[in-house]
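Asks: Provided below are the primary sequence and the corresponding predicted coordinates.
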Amino acid sequence: MKCMGLDPSRALPITSGATAQTVSLYQWLDTARQHYRYALGVNDHLAGMPAQNARPTLTGSLANFQAVTGRYPGVVGLEYQDPQWATRWGQDATDFLRDLIIGAHAKGSIIALHNHPGNPVRGAMSRAGQTSPAPSPSDPGYFGDRTGAPLAAIKTGGAQEAQFLAFLDRLATFLATLVDAKGRKIPVVVRMFHEVTGDWFWWNGVDRAADFIVVWRKMVDYLRTTKGVTNALYCWNVDASTGVDPQQFWPGPSYVDIVSMDTYDNRGSGDISLLGASGMPLKCWTAIVALSAAHGKPLCIPELGYQYGNNVTDIWDVKTGRYLPTAFFQSAFAAMWPAPYGPAVSDTAAVKASLSAMAASPYAMTAERLTCICG
């Protein structure tokens, strides 16, 4: 990353004692929209299982972005790989992820981590023993298994609290190993328990809002205070498609660094299309813009794409005039989900030209353009 000077008078992360690099990233995110700029990137994750691949391998999203745009993404979003998930490479996957993060950071990318942990009352949060990387009802306790009251179980005094803390211990250890060539900790946007306004994960849904707030606060307090994590920015995340009021899940400004929304171009449905002014995504976006303004938090779109491979030419508009108008320019970063939701070399020439124009615009910060403080 290129260097700028720290400004102690500007906004600071919620973690007291955050590293200079983490503060610098946060301050860039906080001010990017003032210049109508946003970091543009992609998410990628490991594909297959050891039975199919001797070594961990990516879906190809990073390679697709580079092939289509000729640029390295300004944001690299990745699935945290728990070393205890032995049936999915275990420690090998964790080591692979670490090397990938260090390499992407060296190129200038912002790093974001998300995770799909298992239901702690039905299996293991590490997903140890599960055989599928995707939602699979054949794996009891997979991340879409909403059986029981899993959030209540990992609260203080809950039956699975120890499992939750052990999970956070492993995450904290991993974050501490992310260091650059100068031995400095790499700042990471941590987006756990994402899409909380949905109803498809064990941690989300209106019926679990109160428990979610308690668990979110417990997670942040444990990582930043008990474990002393100083290179994390905590990204609170909602989903655009449900019409649920995000305020129900708000844990408070002292527990959130970044406010964010995942959204896909469901243009087959008028209610959840990103086009037009009356759909649920715009309603959700308006709500989190208000939260961001009220509490002085940066905004971002960590997941973005065309729904179910709806390969359309105008989704990547250099000025985003038809795509949640002004949303990109209010965001600090936007990251596309892997194909078929995001770009692929197999897309039509018109689609690839549209995305290339977006990436080449003066507003989209890909890695070679991204300016952030490194200390």
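Replies: Noted; the coordinates are in hand. Numbering: from 1, shown residues only.

Asks: so how far is Glu195 from Gly123?
Replies: Taking C-beta to C-beta, to the nearest Å as the measure, Gly123 falls 20 Å from Glu195. Yep, even glycine has a C-beta here, placed from its N, CA and C like the rest.

Asks: who has more neighbours out of these two?
Replies: Counting neighbours by other C-beta atoms under 10 Å for Gly123 and for Glu195 shows that Glu195 has the greater number, 23 against 20.

Asks: surely the more buried one is in contact with Trp236?
Replies: No - taking C-beta atoms under 8 Å as the definition, Glu195 is not a contact partner of Trp236, at 10.9 Å.

Asks: lowest-pLDDT helix or strand in the protein?
Replies: helix 327-330 (a mean of 72; mean pLDDT, DSSP states H and E).

Asks: could I get the contacting residues of the nearest residue to Val179 once chain neighbours are set aside?
Replies: With C-beta to C-beta, 6 or more residues apart in numbering as the measure, Lys185 is the residue that lies nearest to Val179, at 5.7 Å, once sequence neighbours are left out. For Lys185, the residues meeting the contact criterion (C-beta atoms under 8 Å, 6 or more residues apart in numbering) are Thr19, Gln21, Thr22, Leu175, Ala176, Leu178, Val179, Thr230, Asn231.

Asks: make sure the third one is actually in contact with Leu233.
Replies: Yes - at 6.5 Å, Thr22 counts as touching Leu233 under the criterion of C-beta under 8 Å.

Asks: pLDDT on the helix or strand harbouring Leu25, on average?
Replies: Using DSSP states H and E, the element containing Leu25 is helix 20-31. Predicted confidence along helix 20-31 averages 95 (mean pLDDT).

Asks: list the helices and strands it packs on?
Replies: If contacts are counted by 3 or more C-beta pairs under 8 Å, 6 or more residues apart in numbering; DSSP states H and E, helix 20-31 sits against strand 232-239.

Asks: for the strand it packs on, which strands pair with it and how are they oriented?
Replies: As defined by DSSP bridges, the strand partners of strand 232-239 come to strand 188-191 (parallel), strand 258-265 (parallel).

Asks: which is the next helix or strand following the first one?
Replies: The C-terminal neighbour of strand 188-191 among helices and strands, as given by DSSP H and E, is helix 209-221.

Asks: ok, and what's touching that next one?
Replies: Residues beyond helix 209-221 that count as contacts (C-beta under 8 Å, 6+ apart) turn out to be 14, 149, 151-152, 154-156, 164, 168, 192-193, 196, 203-204, 234, 236, 248-252, 255.

Asks: checking Glu303 next. Helix, strand or coil?
Replies: strand (DSSP: H, G, I helix; E, B strand; the rest coil).

Asks: and for Ile14?
Replies: Three-state call for Ile14 (three-state DSSP): coil.

Asks: residues touching Glu303, list them.
Replies: For Glu303, the contacting residues are Asn43, Gly77, His194, Asp262, Thr263, Tyr264, Ala335, Met336, Trp337, by C-beta under 8 Å, 6+ apart.

Asks: quick one: which of those residues is most hemmed in?
Replies: Neighbour count (other C-beta under 10 Å) singles out Ala335 as the most crowded of the contacts of Glu303, with 31 neighbours.

Asks: tell me the SS of it?
Replies: Secondary structure of Ala335, per three-state DSSP, is strand.

Asks: spell out the secondary structure type for Arg33.
Replies: Going by three-state DSSP: Arg33 is helix.

Asks: how near is it to Phe329?
Replies: Distance check for Arg33 against Phe329: by C-beta to C-beta, it reads 6 Å.

Asks: picking up where we left off before, among the contacts of Lys185, which one has the most neighbours?
Replies: For the contacts of Lys185, the largest neighbour count, defined by other C-beta under 10 Å, is 27 neighbours, found at Thr22.

Asks: next, the most far-flung residue of the chain relative to its centre: phi, psi?
Replies: For the chain, the largest distance from the centre (C-alpha atoms, centre = their mean) belongs to Gly157, which lies 29.0 Å off. Backbone torsions of Gly157, given as degrees, to the nearest 10, read phi 90, psi -10.

Asks: how many neighbours does Ala63 have?
Replies: Around Ala63 there are 14 other residues, counting by other C-beta under 10 Å.

Asks: hey, where'd the strands end up in the protein?
Replies: Residue ranges of the strands in the chain, as given by DSSP state E, are 38-44, 75-79, 110-114, 188-191, 232-239, 258-265, 299-306, 333-336, 364-365.

Asks: which one of the ones you listed lies nearest to Tyr26?
Replies: Comparison of the strands of the chain against Tyr26 by C-beta to C-beta identifies strand 232-239 as nearest, at 5.8 Å.

Asks: any idea of the angle the closest one forms with strand 299-306?
Replies: Strand 232-239 and strand 299-306 meet at an angle of 50 degrees, taking axes from the mean of the first three to the mean of the last three C-alpha atoms, to 10 degrees as the criterion.

Asks: quick one: mean pLDDT for strand 232-239?
Replies: If you average the pLDDT over strand 232-239, you get 98.

Asks: tell me where the model's unsure across the chain.
Replies: Under the criterion pLDDT under 70, the flagged ranges of the chain are 1-8, 266-278, 307-328, 371-375.

Asks: what residues are up against Ile258?
Replies: When contacts are counted by C-beta under 8 Å, 6+ apart, Ile258 touches Leu29, Val189, Leu233, Tyr234, Cys235, Trp236, Lys297, Pro298, Leu299, Cys300, Ala332.
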